[in-house]
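Q: The amino acid sequence is not available; the structure is as follows:
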């Protein structure tokens with residue numbers, strides 16, 4: 001695998017999360033974005049690293065956790081699907 005592809009939704013998620021964190025500290029926001037980038041870059045060589053997303057029950061849809069954020073991706077040339085703040089997800093939303 002040569003690269004990571006980010007969906008429009010994942011890019012929007014990252015931008016919104018960055019802006020939210022930057023309200024308190026631009027340095028923390030930049031650090032968070034760097035950590036997410038570094039965390040996802042490893043998927044180029046290890047696409048099966050993340051666990052299967054439980055509510056999806058699809059072996060090709062996986063997740064990495066970075067802090068309180070869940071980075072969901074699909075194995076097929078690794079496509080980052082979205083990023084969620086797990087501290088805001090209710091049990092009901094996890095089922096959907």
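A: Cool, got the structure. Just so it is clear, the model here is predicted, and its values are computed rather than measured.
Q: what about the protein, any weak spots by pLDDT?
A: Along the chain, the parts satisfying pLDDT under 70 run over 1-2, 77-78, 88-96.
Q: Helices along that one, start to end?
A: Applying DSSP state H to the chain gives helices spanning 8-22, 26-41, 91-95.
Q: Any chance of JSON lines for the ones you listed, columns mean neighbour count and distance to residue 65?
A: Using the backbone N, CA and C atoms, a C-beta is placed for each residue, glycine as well. Below are these laid out as JSON lines (neighbours: other Cβ atoms under 10 Å; distance: least, Cβ to Cβ, whole Å):
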{"stretch": "helix 8-22", "mean neighbour count": "15", "distance to residue 65": "14"}
{"stretch": "helix 26-41", "mean neighbour count": "14", "distance to residue 65": "9"}
{"stretch": "helix 91-95", "mean neighbour count": "9", "distance to residue 65": "13"}
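Q: any idea which residue sits dead centre in this protein?
A: Nearest residue to the geometric centre of the chain (Cα atoms, centre = their mean): residue 71, 1.7 Å.
Q: Quick check: beta-bridge partners of it?
A: residue 64, residue 83 (DSSP bridges).
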